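1. A predicted structure for the sequence below; I have some questions about it.
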Amino acid sequence: MELTLAHSPDADDAFMFSALALGKLATRGYSFKHVLRDIETLNRAALEGLYDVSAISFHAYPYTAEKYLLLPCGASVGDGYGPLVVVPADAPAGKQPAVVAVPGEMTTAYLALRLWRPDLKTTVLPFDRIAGAVIDGQAEGGLIIHEGQITYPQEGLKKIIDLGEWWKEETGLPLPLGGNVLHRRHENRAAEIGGLLREAIGWALAHRDEGLRYALSYARGLDREDADRFVGMYVNAWTLDLGEEGRRAVGELLSRGHRAGIILHKPVLEWVSF
């Protein structure tokens, strides 16, 4: 059976599923067609139930829950770190941007931003254009995700808040950013498919050098050292299994978003067990 496996064209997601891309596992009759899209595009696709397995922002899950189950493996979690709000490096100290460019209103980064400053105005830009827009003066501030969390100083930017650090101080919990979901049409195979994906993640963590070599082709200019650092930030023990604390963090984040009126659908989380 062929399954579509949709994820971002980033070093961390490429590393996570390198075992499947490189044919390192016995897949027990399953094959995977990798579909590479940016995370906001995947969020929108999940609303329509387009893919069998997909990475999505946790913020998007309440809107897709009728079509998908949450997998406890494959998550990207910022444990005391996460998306950054940045401004030009020469901006006056203490000045807060009135408008921030964001990578999409269904991203978890956007949800965390709104929880931090509910009245902040935002404008949507593709994630890979945000840093340039801030530098060029098209936006006063930018919400940076992906490898921009590492490269922003070299681009002439400085951070004014790390939303993962802020969340940790607020709640004592890690910030769950993205996860993997499985289409409900495969509910009777959920444990088997989920177990295979966890096995793939475990292979990458156990064969780091080989997985990283594959992931470098998706690193968007990062050198090996920075790519290794970025992968380590978002593919780790949390990715292998969110566990009780990780699931609690997802629930707390979405509940706060709902209470704040940011998430219109009451979050009901359904996890695959295996």
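-> That came through fine.

2. what are the boundaries of the strands in the protein?
-> For the chain, the strands defined by DSSP state E cover 2-7, 31-36, 53-57, 68-70, 76-78, 84-88, 99-102, 121-124, 141-144, 157-162, 175-183.

3. any idea how far the fourth one is from the chain center?
-> From the chain centre to the centre of strand 68-70 is a distance of 16 Å (Cα atoms, centre = their mean, to the nearest Å).

4. what helices or strands is that strand leaning on?
-> Applying 3 or more Cβ pairs under 8 Å, 6 or more residues apart in numbering; DSSP states H and E, one finds that strand 68-70 contacts strand 175-183. Any C-beta I mention is one placed from the backbone N, CA and C, and that applies to glycine too.

5. the strand it packs on pairs with which strands, parallel or anti?
-> Sheet pairing of strand 175-183 (DSSP bridges) gives strand 53-57 (antiparallel), strand 68-70 (antiparallel), strand 76-78 (antiparallel).

6. off-centre distance for the lowest-mean-pLDDT helix or strand in the chain?
-> Lowest mean confidence among the helices and strands of the chain (mean pLDDT, DSSP states H and E): helix 148-151, at a mean of 87. On the basis of Cα atoms, centre = their mean, helix 148-151 sits 14 Å off its chain's mean C-alpha point.

7. adding mean neighbour count and distance to residue 131, write the strands of the chain out as a markdown table.
-> Below are those laid out as a markdown table (neighbours: other Cβ atoms under 10 Å; distance: least, Cβ to Cβ, whole Å):
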| stretch | mean neighbour count | distance to residue 131 |
| --- | --- | --- |
| strand 2-7 | 20 | 22 |
| strand 31-36 | 15 | 21 |
| strand 53-57 | 26 | 20 |
| strand 68-70 | 23 | 31 |
| strand 76-78 | 27 | 19 |
| strand 84-88 | 23 | 7 |
| strand 99-102 | 22 | 9 |
| strand 121-124 | 14 | 14 |
| strand 141-144 | 28 | 6 |
| strand 157-162 | 18 | 6 |
| strand 175-183 | 26 | 18 |
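
8. nearest to residue 266, of the ones you listed?
-> strand 68-70 (15.4 Å; Cβ to Cβ).

9. pull up the distance across stretch 126-139, start to finish.
-> Using Cα to Cα, to the nearest Å, one end of stretch 126-139 lies 13 Å from the other.

10. noted, bye for now.
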